[in-house]
Every structure is written in C-alpha cells, then in structure tokens.
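Student: here are the coordinates; sequence isn't available:
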C-alpha cells in the first residue's frame, strides 16, 4: 500500500496529537486554576481578586482541542468518521466557538459589577491587557493596590508600572535610599 505524500506518517500524526493534547491540558488547567482563584477570592472576600479573561478563552480552546483529540484517537485506531460523528463534531465546534467568544464577557461584566457593588475597584497598576486577553485585579482599598504594586516593584524595579509610583526613581532605587 502506497501512502499519499500529503498524508502524515504515523509518527508525525502522533507528535501532532501529543502537541494538541498538551495544549488542551494546559487550557483546562489554566481555566480551572483561575476559576478556583476567582471563586476563592469571592467566597472569602479577599483583599484582591483577579479576573483573568484569558483563562475563559482557554476553555473554548480546550474544548476545540478535545474534539481534535477525539478524532485523532479514532484516526490512530483506524476508524472512519461516521456521518453522526461529523454532525456531532460540527455542533460541538459551534458550541466551543460560542464559549470562546461569549464566556469571557459573560463572566467579566457581571463579576466586575458585583465587585464594584461590594466596594472593590480595579487596580490599574496590577491589571494588564494584551489584545483581548485582559487580567483585571480588583482591590478593596486603594492602599492595597499600591502595596501590591510596591511588592512587584521591589522584586523587579525595571517594570513600566514602577515609574508610576512616586517612591521609585528611573534607575529603580527608592527615593531617599542610599545608592
């Protein structure tokens, strides 16, 4: 039996399957870790609560990875994809895409409203955004926000946010400290 040059060899297929497995596992772990952190902060009314929208994007990506893994296992076992499986996969794809797009917004806005109603404010010094991935840190007092930023700047004074804090100079030394 001659193999078409466009198809992957079994070892190449297994490597791709393992990569997709690793990315899917990472997405699920990342999602559940940040959901746990969020829920724990809400339950105990922590001084700072982090809402990581990227973690919610990862859930949809992990769901899509799960679909690919399912079909990858069938491919490795030599099973053909049935019409019912193809229909199921199409529906699951749209559900996963919907999760990827809608879930971060459905979590972010109600959580932000709830936290603001509870007296929390977004700590701009600790929050960050890259494209659609936004990590918002809410603190119960402005002082706690500055404490968090000071702690970060004490570890890495070269960070851009450290220039916004009055106690850090341009060279990373605190004002009034000995050189």
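Tutor: Nice, I can see it. If you're wondering where the values come from, they're calculated on a predicted model, not measured in any experiment. Numbering: from 1, shown residues only.
Student: List the contacts of the most centrally placed residue in the chain.
Tutor: In the chain, the C-alpha closest to the average C-alpha coordinate belongs to residue 55, at a distance of 2.6 Å (Cα atoms, centre = their mean). Neighbouring residues of residue 55 by Cβ atoms under 8 Å, 6 or more residues apart in numbering: 30-31, 33-35. Heads up, the C-betas are built off the backbone N, CA and C, glycines and all.
Student: Repeat the analysis, applying 7 Å as the threshold.
Tutor: Contacts for residue 55 (Cβ atoms under 7 Å, 6 or more residues apart in numbering) come out as 30-31, 34-35.
Student: domains for the chain, by residue range?
Tutor: Structural domains assigned to the chain are 10-139, 141-179, following automatic domain parsing.
Student: By neighbours, which of the contacts of residue 55 wins?
Tutor: Counting neighbours by other Cβ atoms under 10 Å, residue 31 comes out on top of these with 22 neighbours.
Student: pretty sure that one contacts residue 58?
Tutor: Yes. Here residue 31 reaches residue 58: they are 4.9 Å apart, a contact under Cβ atoms under 7 Å.
Student: of the contacts of residue 55, closest to residue 102?
Tutor: residue 31 (14.7 Å; Cβ to Cβ).
Student: circling back to that earlier point, the residue nearest to the centre of the chain - nearest residue in space that isn't next to it in sequence?
Tutor: Nearest residue to residue 55, sequence neighbours excluded (Cβ to Cβ, 6 or more residues apart in numbering): residue 34, at 3.6 Å.
Student: Same question for the one you found, what's its three-state structure.
Tutor: helix (DSSP: H, G, I helix; E, B strand; the rest coil).
Student: quick one on the thing from earlier: ok, of the domains of the chain, where does mean pLDDT dip lowest?
Tutor: Set side by side, the domains of the chain differ in mean pLDDT, and domain 141-179 is lowest with a mean of 71.
Student: picking that back up, would you reformat the contacts of residue 55 as JSON lines and include distance to residue 158?
Tutor: Formatted as JSON lines, these follow (distance: Cβ to Cβ, whole Å):
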{"residue": "30", "distance to residue 158": "27"}
{"residue": "31", "distance to residue 158": "31"}
{"residue": "34", "distance to residue 158": "26"}
{"residue": "35", "distance to residue 158": "32"}
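Student: does residue 49 count as helix, strand or coil?
Tutor: Residue 49 ends up strand, using three-state DSSP.
Student: and it, how many residues sit next to it?
Tutor: Residue 49 has 24 nearby residues by other Cβ under 10 Å.
Student: so the nearest residue to it once chain neighbours are set aside, which of the three states?
Tutor: The spatially closest residue to residue 49, leaving aside those adjacent along the chain, is residue 41, at 3.7 Å (Cβ to Cβ, 6+ apart). Counting by three-state DSSP, the backbone at residue 41 sits in helix.
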